[in-house]
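**Student:** Mind looking at a prediction? Sequence and model below.
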Amino acid sequence: MKLYSWEELNEFVNACTRCGLCRSRVRPVMGRGSLQADTMIVAEAPGGQEDRAGVPFVGPAGKMLDELLASCGMRRNHYYLTAVYHPSALLRDPAKIEETRRDFLRIAEKRKELAAE
């Protein structure tokens with residue numbers, strides 16, 4: 001599938017069933033914030049609160065991020081916030097891990113490309 005827009009990227013991620021995350025997640029955590037931001041802040045992986053909300057940085061890490069940004073006179077809406085998934089922990093087939101890794105890299109590259117527009 002060739003991805004052209006943020007909406008299409010969201011649809012792709014919401015419908016993706018290529019790894020076990022689709023069975024264990026509540027909502028995919030795509031991202032939130034300014035699509036024209038010069039800076040993207042990436043969480044290591046979504047926690048339980050992020051999974052339920054479908055939004056990155058809403059749990060304890062989000063509180064810490066907000067405090068850190070505020071101490072510098074900045075706010076989260078000036079950035080694009082997202083999270084990285086680690087599907088290899090859920091998979092044991094090396095070929096499937098590699099296929100999933102390529103999919104996630106494609107998504108990350110498209111996020112970067114769209115953010116540059």
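**Tutor:** Right, received. Where do you want to start?
**Student:** contacting residues for R76?
**Tutor:** R76 makes contacts with G33, I41, F57, L65, D66, L69, as judged by Cβ atoms under 8 Å, 6 or more residues apart in numbering. Using the backbone N, CA and C atoms, a C-beta is placed for each residue, glycine as well.
**Student:** For the residue nearest to the fourth one when sequence neighbours are not counted, give its distance to A43.
**Tutor:** Closest residue to L65 in three dimensions, ignoring its sequence neighbours and counting by Cβ to Cβ, 6 or more residues apart in numbering: F57, at 5.2 Å. Computed with Cβ to Cβ, to the nearest Å, the distance linking F57 and A43 is 6 Å.
**Student:** How about E50?
**Tutor:** Applying Cβ to Cβ, the value for E50 to A43 is 7 Å.
**Student:** Give me the common contacts of these two.
**Tutor:** Among the neighbours of E50, those also in contact with A43 (Cβ under 8 Å, 6+ apart) are P56, F57, A83.
**Student:** Distance check, the spatially closest residue to the last one that is not a sequence neighbour against L81.
**Tutor:** Setting aside the residues directly before and after it, A83 is nearest to A43 in space (Cβ to Cβ, 6+ apart), at 4.1 Å. Noted for A43: a distance of 7 Å to L81, by Cβ to Cβ.
**Student:** about what we covered before: of the shared contacts of E50 and A43, which one scores lowest on pLDDT?
**Tutor:** Of all the shared contacts of E50 and A43, A83 carries the smallest pLDDT score, 85.
**Student:** Would you check that the residue nearest to A83 makes contact with Y79?
**Tutor:** No. Look at A43 against Y79 with Cβ atoms under 8 Å: they stay out of range, at 11.9 Å.
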